[in-house]
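Engineer: Any chance you could fold what I've pasted below:
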Amino acid sequence: MRREVTVLGLQQNFGEYVSQVQSHGDSGVVTKDGQPVAALVDYPLFEKIRALPSLFDELSTRIGSIYAGVPAAVAQAEIDEAVRSVRRHPR
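Structural biologist: Below you'll find the predicted structure:
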């Protein structure tokens with residue numbers, strides 16, 4: 001469950017929020033003056049989020065090598081169709 005908490009609320013109840021994230025897999029958005037400033041997530045999710053840039057770079061490199069020598073318009077059309085197909089049939 002995603003919760004929203006102010007910075008002050010987090011300071012006052014930090015242990016409770018950490019327990020909720022740890023034991024229930026909850027996440028939270030920390031706000032200050034009504035604006036989101038941070039997120040509280042469990043460590044496994046944090047590690048997955050941290051890995052995303054390198055995974056994206058790896059995928060981009062693989063796609064680039066697959067489409068080496070293919071006209072950009074053709075490659076883009078195939079990629080766009082693959083994305084549409086996946087979005088039509090979510091997991």
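
Engineer: can you give me phi and psi for the residue lying farthest from the centre of the chain?
Structural biologist: Using C-alpha atoms, centre = their mean, the residue of the chain lying farthest from its centre is Gly69. It sits 32.1 Å away. Note on Gly69: backbone dihedrals following degrees, to the nearest 10 are phi 90, psi -10.

Engineer: quick one: it and Ala75, what's the gap?
Structural biologist: From Gly69 across to Ala75, the span is 10 Å (C-beta to C-beta, to the nearest Å). C-beta here means a position set from N, CA and C on the backbone, and glycine is covered the same way.

Engineer: tally of neighbours for Asn13?
Structural biologist: By the measure other C-beta atoms under 10 Å, the count of residues near Asn13 is 13.

Engineer: Look up how far Arg3 lies from it.
Structural biologist: For Asn13, the distance to Arg3 - C-beta to C-beta - is 11 Å.

Engineer: got it, and Lys32?
Structural biologist: For Lys32, the distance to Arg3 - C-beta to C-beta - is 15 Å.

Engineer: pretty sure Arg3 belongs to a helix, no?
Structural biologist: No - with DSSP: H, G, I helix; E, B strand; the rest coil as the criterion, Arg3 is assigned strand and is not in a helix.

Engineer: Based on its surroundings, how many neighbours for the residue nearest to it when sequence neighbours are not counted?
Structural biologist: Residue nearest to Arg3 in three dimensions, not counting chain neighbours: Gly28, with 4.4 Å by C-beta to C-beta, 6 or more residues apart in numbering. Burial measure for Gly28: 20 neighbouring residues, criterion other C-beta under 10 Å.

Engineer: how would you label Gly28: helix, strand or coil?
Structural biologist: Here Gly28 is strand, with the state taken from three-state DSSP.

Engineer: hey, what's it bridged with?
Structural biologist: Arg3, Leu40 (DSSP bridges).

Engineer: Could you measure from Gly9 over to Arg84?
Structural biologist: For Gly9, the distance to Arg84 - C-beta to C-beta - is 42 Å.
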